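Chemist: Okay, sequence plus prediction incoming.
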Amino acid sequence: MAGETDLKTLLTSLRPAVREGDYVYALWPHGKPLAGDIEAAVREAEGLTVVLSRTEADRLGLSYDFVAAWITLQVHSALEAVGLTAAVSAALTKAGISCNVLAGFHHDHLLVPSDDAGRALDVLTLLGRGLVLRDEQPEDREALLALTAEAFAISPVTGLPVDGTPIEVGALRELFDCPEYIPALSIVAELGGEIVGHVISTRGWVGELEMLGLGPISVHPHFQRQGIGSALMHESASRAEAAGEPGIALVGNPAYYGRFGYAPSHSFGVEPPHAEWGEAFQLLPLSGWPDGVRGTFRYSGPLAAL
Ligand SMILES: CC(C)(COP(=O)(O)OP(=O)(O)OC[C@H]1O[C@@H](n2cnc3c(N)ncnc32)[C@H](O)[C@@H]1OP(=O)(O)O)[C@@H](O)C(=O)NCCC(=O)NCCS
């Protein structure tokens, strides 16, 4: 049967599945006849690389560094299909997940670090469902305010229903029109044409150092816990990095933001705007983060007033 070549069809029918166990790359000893349960092999001028289960590598006494989960894209892709590998690796790269691709006759196989297997599956599932991250447009604003109202209807601080309109809605309305608004950092997540998430980062400062304050971030309650918030967090960081921003600060649950590399701001010399925020005020230093930063973070006007 001929494999699929249409990229859109391929992406909507990826059906990623994880094989059981861990897999490793190892160099096969020069001159030794090939034996054992080898899953894939590549001959190079320097020697023969084999990919096999970690258990089998241990049994054969082969050494390895990279321990991977093996994800098979169960869609039957044609070998001449254009763009599938690029789309999959771009999505995983955005999520900060390294990926080695092996193409078989029927399927593509991805070897990602074992610890990232769950996240990689989320990313691939969202890619298949057509998650689009794009710049916010002024005509989105009413929908984004409504989304924020739905997301914050239960207070993330108390876990209780909020009386009236959540304060994040008014703050977002003001952020759209404040001088600290940065259009490329107001990012909308769309699934099948429907707005399902939004995140905004605006100008903030520590002393004279310009950086970013992230928030609010909202994912529609029906679509939470499917990786959309994570995709928005990764997109914010990669856009900020590309724009040469030195770092991003936010207030929230360290159990969530820690997974994106955020750590309490005081470990980087930055104090929260309100001392009582303590460990909940966190910072992600980017590659331009300077040495010797000391001071208290200041949010843009609308957030400073909260
Ligand atoms: C916070 C929010 C943006 C996360 O988006 P999401 O799409 O649900 O998140 P993801 O699917 O990427 O990640 C889900 C994981 O994060 C965890 N998580 C989500 N919100 C969390 C929170 N506030 N504290 C701790 N963990 C949280 C989930 O338990 C889940 O964990 P698991 O992967 O171990 O199951 C979304 O839940 C939301 O809009 N909440 C309401 C508004 C809000 O609280 N905004 C942030 C205020 S600081």
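Modeler: Looks like it arrived, so ask away.

Chemist: quick one: contacts for the residue of the stretch 201-306 of the chain found nearest the ligand?
Modeler: Residue nearest to the ligand within the stretch 201-306 of the chain: G229 (2.1 Å; Cβ to the nearest ligand atom). Placement of C-beta: from N, CA and C, glycine included. Going by Cβ atoms under 8 Å, 6 or more residues apart in numbering, G229 touches G197, I217, V219, Y256.

Chemist: With T93 instead?
Modeler: Counting by Cβ under 8 Å, 6+ apart, T93 touches C99.

Chemist: same deal with V101?
Modeler: Residues in contact with V101, defined by Cβ under 8 Å, 6+ apart, are T85, V88, S89, D108, H109, L110, L111.

Chemist: Quick one, grab the pLDDT at the nearest residue to the fourth one once chain neighbours are set aside.
Modeler: So that's D108. In this structure, D108 finds its nearest non-sequential neighbour in L73, 4.8 Å apart by Cβ to Cβ, 6 or more residues apart in numbering. Per-residue pLDDT puts L73 at 92.

Chemist: L73 and A41, how far apart?
Modeler: As for L73, its distance to A41 is 20 Å (criterion: Cβ to Cβ, to the nearest Å).

Chemist: Please say which of those two ends up with more neighbours.
Modeler: L73 (25 against 12; other Cβ atoms under 10 Å).

Chemist: and the residue nearest the centre of the chain, what does it touch?
Modeler: Using Cα atoms, centre = their mean, the residue of the chain that lies closest to the mean C-alpha position is A95, 3.3 Å off. For A95, the contact set (Cβ under 8 Å, 6+ apart) comprises R119, A120, V123, S230, A231, H234.

Chemist: quick one: the first one and T12, what's the gap?
Modeler: Counting by Cβ to Cβ, the gap between R119 and T12 amounts to 21 Å.

Chemist: So between these two, which is more surrounded?
Modeler: It is R119, of R119 and T12, that has more neighbours when counted by other Cβ under 10 Å, with 19 against 14.

Chemist: Find me the pLDDT at that one, would you?
Modeler: At R119, the model reports a pLDDT of 85.
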